[in-house]
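S.K.: Curious how this folds, go ahead:
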Amino acid sequence: MMDDRCKEPSPLVLAYIGDAVYELAVRRYLVGKGLVKVNDLHREAVRYVRADTQAMLLRVMEHKLTDDESRIARRGRNAKSGHAPRGAGVVNYRQSTGFESLVGYLYLRGEEERLREILEQAFQLVNGEAKTPDS
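M.R.: Numbering: from 1, shown residues only. Have a look, this model is predicted:
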């Protein structure tokens, strides 16, 4: 029998999927909150999806992850993905890749309930409804 890790996509593929899943979840969440103007939607979405925010989310959630989830986030964080985009430091960019890898992993494994928990906590943190280490 093959080890599950042999069948796992690379951390960067998980991050690629996770980026799309998280972006769609954010858009759905914002529209559900009643935002209808595209400029407002875009401005709000950027708050949720920027590398600095995703890095903070991973740092805050890290201690609540399962061993497998921590392993995936660590692999994503350590993956060599080229250079960080403008405005994002290397450390935050790598941590954000870890967060996206986690989201992609949960999505591809069909762990809908756990993914929902992670996303709800992320939205609460971004909205200041949950405590961060900085608050």
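S.K.: Please count neighbours and contacts with C-alpha atoms only from this point.
M.R.: OK.
S.K.: any chance you could map the helices in this structure?
M.R.: 4-7, 11-32, 38-49, 51-61, 67-78, 90-108, 112-126 (DSSP state H).
S.K.: Mean neighbour count added to those, as CSV?
M.R.: Shown next, in CSV, are the helices of the chain (neighbours: other C-alpha atoms under 10 Å):
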stretch, mean neighbour count
helix 4-7, 8
helix 11-32, 18
helix 38-49, 14
helix 51-61, 21
helix 67-78, 20
helix 90-108, 25
helix 112-126, 16
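S.K.: Dump the ones you listed to a markdown table, plus mean pLDDT.
M.R.: A markdown table is the format used below for the helices of the chain (pLDDT from 0 to 100):
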| stretch | mean pLDDT |
| --- | --- |
| helix 4-7 | 58 |
| helix 11-32 | 97 |
| helix 38-49 | 95 |
| helix 51-61 | 96 |
| helix 67-78 | 96 |
| helix 90-108 | 95 |
| helix 112-126 | 97 |
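S.K.: residues contacting the nearest residue in space to residue 54 that is not next to it in sequence?
M.R.: Residue nearest to residue 54 in three dimensions, not counting chain neighbours: residue 96, with 4.7 Å by C-alpha to C-alpha, 6 or more residues apart in numbering. Counting by C-alpha atoms under 8 Å, 6 or more residues apart in numbering, residue 96 touches 51, 52, 53, 54, 55, 58, 77.
S.K.: what's the answer for residue 49, then?
M.R.: The neighbourhood of residue 49, defined by C-alpha under 8 Å, 6+ apart, consists of 22, 23, 26.
S.K.: show me what contacts the closest residue to the last one other than its chain neighbours?
M.R.: Right, residue 26. Using C-alpha to C-alpha, 6+ apart and skipping residues adjacent in sequence, the residue nearest residue 26 is residue 45, 6.4 Å away. Applying C-alpha under 8 Å, 6+ apart to residue 45 gives the contacts 23, 26, 27, 30.
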